[in-house]
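Visitor: just need the structure, nothing else, for what follows:
(chains A, B, C and D)
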There are 2 protein chains.
Amino acid sequence: MILEALDRHSVVPLYYQIRQHLLGQVRSGALKSGQPVPSEQALSARLGVSRMTARQALKSLCELGVAYSQRGKGTFISAIKLEKDFRQVLSFSEEMQKRGARPRSRVLAFEICPAGAEAAEALHISPAESVIRLRRIRMANSLPLGIECSHIRAGLCPGLLENFDPRTSLYRVLASRYGIEIAITDEVAEAGLAKAEEARLLHIAKGSPVFLFTRTSYIHSGKPVEFVKSVYRADRYKIVNRLTRSRKTVSEGRN
Amino acid sequence: MILEALDRHSVVPLYYQIRQHLLGQVRSGALKSGQPVPSEQALSARLGVSRMTARQALKSLCELGVAYSQRGKGTFISAIKLEKDFRQVLSFSEEMQKRGARPRSRVLAFEICPAGAEAAEALHISPAESVIRLRRIRMANSLPLGIECSHIRAGLCPGLLENFDPRTSLYRVLASRYGIEIAITDEVAEAGLAKAEEARLLHIAKGSPVFLFTRTSYIHSGKPVEFVKSVYRADRYKIVNRLTRSRKTVSEGRN
DNA sequence: AAGTGGTCTAGACCACTCG
DNA sequence: GAGTGGTCTAGACCACTTG
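Guide: The predicted model follows:
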């Protein structure tokens, strides 16, 4: 059934190799939804790994959303299609490429200025402290999609203004040049109507429906590094989400 | 430092007791953001459990978003506030109670009818197959918030129409009476303008901004059980999300 | 009764970070 | 070099599900 595809001398962990192997079987259709994945004991025996390792492989498969475990019954392939990066922060470029569209941006402003009240609160700095402000029109296949205005604490990335080409990926530069890796983004989405300037920039009628986003991004330690306000055309953008219902294990009561 | 609060004869798993203990220290302020959590070795030695058990406790703490681990350095309390149920499906009642509002509903329709094209596609049934349709105005503190129209495969819950009081919690009845436990909800949110009927029911002007939700809920096996379309007032509702950026482990390349 | 996943132990080696 | 988390082993007992 399962080939001996394990490389015990690889730097790739065994449980990860097993997971990828099973993932391949799902992708190829050899394992279909509802079907049981080999049990922990079976994997352990067949592949000559300890049961804990087999277990870790199955658990990580479940964390991907590809499978689910039932005590006393087994582990089964989930019918739900996308083993998806639903809740991943994607940069605009990444998101567009994934959807098969050509991303482009037009820079409206790229400057150092005081944070102002709203950005200051989100970034936990004083309103007078300097931020790098980058305002761009985001386009997919040359059609305007939205306007994004990003604020980054200037102290975190000295020289960004001089060294960054604002038409390229901000996240990539933050990571490679300054070692700033975004770990979490909190996002608030509201629905509203396009104001006159926004409508003009987005090529829609004033009063058209739009999404208003407010995003704050944090590095792993929890320190906020970026605050973004955006306006997106509602006729060309929607929010897709996947929510899970707690299996009693998440909270301890009262919630 | 850590009290011997472990009950080795409890039905509650040791790792879970340890996690809750650490969670308590975070809540009480004894462990603050940025501070290191006791290491796996330290917990293991101090509490007399194996390192794997201590490890499992720390791992589950990280899965809650309360802490994060760094190889070679340690595990630290995350500064990001809510150890939250961000990604949880909550029923309307649960959500409102959490926000401290009194939930109420007014039933507009509660009937059996053919699924129709849109619901049929989401539920993977034929458009002629019967569904139970429940249309309600959702209110918080007596103010109308939104209109929800839910479609449930009639075959899954015989007698629901006679036995369910549509002003109470649908999810609770599905779970207790029919053993249907919602595991995952896929949600699409769009922004739009209120139509005449919607505006009247929601007490807003026609053309006011609204959220349009389309939700499909699945049980663990992936079978779809409920399809909901809703319209929510944008001035009283917003979407809050937390996104994480992949730590290279999630996908295997090309993404 | 047999098989499953959930928990737990007491070790081990490794790569990594930091002083 | 000392400490940390990441992986792995070879066992064990348990609760749960199913025939």
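
Visitor: only C-alpha atoms for contact and neighbour calcs from this point on.
Guide: Will do.

Visitor: list the contacts of the closest residue to residue A:142 other than its chain neighbours.
Guide: Of all residues not flanking residue A:142 in the chain, residue A:104 sits nearest, at 7.0 Å (C-alpha to C-alpha, 6 or more residues apart in numbering or on different chains). When contacts are counted by C-alpha atoms under 8 Å, 6 or more residues apart in numbering or on different chains, residue A:104 is found next to A:93, A:138-142, A:167.

Visitor: off-centre distance for the helix or strand where residue A:104 lies?
Guide: Assigned by DSSP states H and E, residue A:104 falls within strand A:103-114. Its chain's average C-alpha position is 22 Å from that of strand A:103-114, according to C-alpha atoms, centre = their mean, to the nearest Å.

Visitor: just the buried positions in it, please.
Guide: By 16 or more other C-alpha atoms under 10 Å in any protein chain shown, the buried positions in strand A:103-114 come out as A:103-105, A:110, A:112, A:114.

Visitor: from the contacts of residue A:104, keep the buried residues only.
Guide: For the contacts of residue A:104, buried by 16+ other C-alpha under 10 Å: A:93, A:138-140.

Visitor: including distance to DNA strand C and pLDDT, could the residues you listed go into JSON lines?
Guide: Converted to JSON lines, those look like this (distance: C-alpha to the nearest atom of the strand, whole Å; pLDDT from 0 to 100):
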{"residue": "A:93", "distance to DNA strand C": "28", "pLDDT": "75"}
{"residue": "A:138", "distance to DNA strand C": "35", "pLDDT": "91"}
{"residue": "A:139", "distance to DNA strand C": "37", "pLDDT": "90"}
{"residue": "A:140", "distance to DNA strand C": "37", "pLDDT": "84"}
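
Visitor: in helices, which of those residues appear?
Guide: residue A:93 (DSSP state H).

Visitor: in strands only, show me the buried ones among the contacts of residue A:104.
Guide: With DSSP state E as the criterion, strands contain A:138-140 from among these.

Visitor: closest to DNA strand D out of those residues?
Guide: residue A:138 (36.3 Å; C-alpha to the nearest atom of the strand).

Visitor: now for that closest one: which residues touch it?
Guide: Taking C-alpha under 8 Å, 6+ apart as the criterion, residue A:138 is in contact with A:92, A:103-106, A:144-148.

Visitor: please redo it, this time with the cut-off set to 6 Å
Guide: Taking C-alpha atoms under 6 Å, 6 or more residues apart in numbering or on different chains, we find residue A:138 in contact with A:105, A:144-147.

Visitor: so what's it bridging to?
Guide: residue A:105, residue A:146 (DSSP bridges).

Visitor: returning to what we had before: adding pLDDT, write the contacts of residue A:138 out as CSV.
Guide: Listed next are these as CSV, based on pLDDT from 0 to 100:
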residue, pLDDT
A:105, 89
A:144, 93
A:145, 90
A:146, 93
A:147, 96
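
Visitor: and which of those residues is nearest DNA strand C?
Guide: Looking across the contacts of residue A:138 and measuring by C-alpha to the nearest atom of the strand, the closest to DNA strand C is residue A:105, at 34.2 Å.

Visitor: show me the contacts for the closest one.
Guide: Going by C-alpha under 6 Å, 6+ apart, the list of residues near residue A:105 reads A:137-139.

Visitor: ok, so of these, who is nearest residue A:176?
Guide: residue A:138 (22.8 Å; C-alpha to C-alpha).

Visitor: quick one, domains of chain A?
Guide: Annotated domains of chain A cover A:14-77, A:92-233 [automatic domain parsing].

Visitor: what's the closest of the ones you listed to residue B:131?
Guide: Per C-alpha to C-alpha, nearest to residue B:131 of those: domain A:14-77, 24.1 Å.

Visitor: quick one: the closest one near DNA strand D?
Guide: Yes: using C-alpha under 7 Å from any atom of the strand, we find that domain A:14-77 touches DNA strand D at A:14-16, A:48-53, A:71-73.

Visitor: quick check, nearest of those to chain B?
Guide: residue A:16 (9.3 Å; C-alpha to the nearest C-alpha).

Visitor: longest helix of chain A, counting residues only.
Guide: helix A:14-28.

Visitor: any idea of the mean pLDDT in it?
Guide: Averaging pLDDT along helix A:14-28 yields 90.

Visitor: show me which residues of it are buried.
Guide: Across helix A:14-28, burial judged by 16+ other C-alpha under 10 Å covers A:14-23, A:26.

Visitor: nearest to residue A:177 among those?
Guide: So of the buried residues of helix A:14-28, ranked by how close each gets to residue A:177 (C-alpha to C-alpha), first place is residue A:16, at 30.0 Å.

Visitor: how close does the closest one get to residue B:158?
Guide: Relative to residue B:158, residue A:16 is positioned 44 Å away (C-alpha to C-alpha, to the nearest Å).

Visitor: residue A:46 too?
Guide: In terms of C-alpha to C-alpha, residue A:46 sits 45 Å off from residue B:158.

Visitor: and what of residue A:198?
Guide: For residue A:198, the distance to residue B:158 - C-alpha to C-alpha - is 51 Å.

Visitor: show me what contacts residue A:213?
Guide: Residues near residue A:213 by C-alpha under 6 Å, 6+ apart: A:188-189, A:229-230.

Visitor: which residue sits farthest out from the middle of chain A?
Guide: For chain A, the C-alpha farthest from the mean C-alpha position belongs to residue A:45; by C-alpha atoms, centre = their mean, that distance is 36.8 Å.

Visitor: using the three-state scheme, assign it.
Guide: Secondary structure, DSSP: H, G, I helix; E, B strand; the rest coil: residue A:45 is helix.

Visitor: quick one: the strands in the stretch 151-255 of chain A?
Guide: A:184-193, A:209-218, A:224-233, A:239-244 (DSSP state E, counting those that start in this stretch).

Visitor: past the strand holding residue A:104, which element shows up next along the chain?
Guide: Past strand A:103-114, the next helix or strand by DSSP H and E is helix A:117-123.
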